[in-house]
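>>> quick one: sequence plus predicted model below, questions after.
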Amino acid sequence: MTSYARDRAEIEDLMARYLFAMDYHDADGYAGCFTEDGILDYAMGTLQGREQIRAEALIFRDKIAEVFVDWQGRPAKLRHLVQHKAIRVEGNRAWNTGMWFEMTNGGPEGALKTESFGTYEDDLVRIDGRWLFARRKIYNEFLTGRHSGPANPVLGMDANAEDAR
């Protein structure tokens with residue numbers, strides 16, 4: 001038997017594993033956070049399936065190194081954090097809306113610099129007792145066309161969860 005507290009803890013663990021895998025360039029760990037046919041909708045496109053997600057994760061380091069550099073012009077170290085997680089669980093399905101931000105060592109002389117921020121919109125499923133992303137959409141508030149919009153995003157998440165009931 002599961003409980004909301006256990007489900008939430010397992011979903012938060014999934015989110016942490018996803019971010020560690022991304023920040024430490026673990027393509028297998030990153031892709032393993034998604035269902036076999038999972039969807040990742042992010043600033044550089046929409047990917048479907050673990051293999052596409054894994055392949056993109058393998059080249060992520062090189063792509064991101066062109067965008068974020070440290071004070072000496074070298075690729076910056078990125079570290080992502082998630083805050084304000086609103087999680088709904090309905091049986092073996094769940095929804096998350098959370099705010100994220102990204103820090104680098106790109107400030108003067110390697111100081112901390114907050115480079116970007118946005119919102120995650122997730123559809124999750126429990127498969128064989130394990131929570132996975134079925135769909136993750138990443139809104140980047142600093143990029144044209146990737147804004148989350150003016151309405152409270154939690155309201156949309158709640159509506160999706162109610163529709164699934």
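Everything's here; your move. Numbering: from 1, shown residues only.
>>> tell me which residues in stretch 66-83 are buried?
Buried residues in stretch 66-83, counted by 16 or more other CB atoms under 10 Å: 68, 70, 75-76, 78-80, 82. Heads up, the C-betas are built off the backbone N, CA and C, glycines and all.
>>> same thing with stretch 21-35?
So stretch 21-35, judged by 16+ other CB under 10 Å, has buried residues 21-22, 27, 29-35.
>>> can you tell me how far the closest residue to Arg88 other than its chain neighbours sits from Leu47?
Distance criterion CB to CB, 6 or more residues apart in numbering; nearest residue to Arg88, sequence neighbours excluded, is Ala161 at 4.1 Å. Taking CB to CB, to the nearest Å as the measure, Ala161 falls 24 Å from Leu47.
>>> surely Ala31 meets Ala57?
Yes: contact criterion CB atoms under 8 Å: Ala31 and Ala57 qualify, at 6.2 Å.
>>> list the buried ones in the helix or strand hosting Ala65?
For Ala65, the enclosing helix or strand under DSSP states H and E is helix 50-67. By neighbour count on 16+ other CB under 10 Å, the buried set for helix 50-67 is 50, 52-54, 56-57, 60, 64.
>>> what mean pLDDT does the longest helix anywhere in the chain have?
In the chain, taking DSSP state H as the definition, the longest helix is helix 4-23. What helix 4-23 shows for mean pLDDT is 97.
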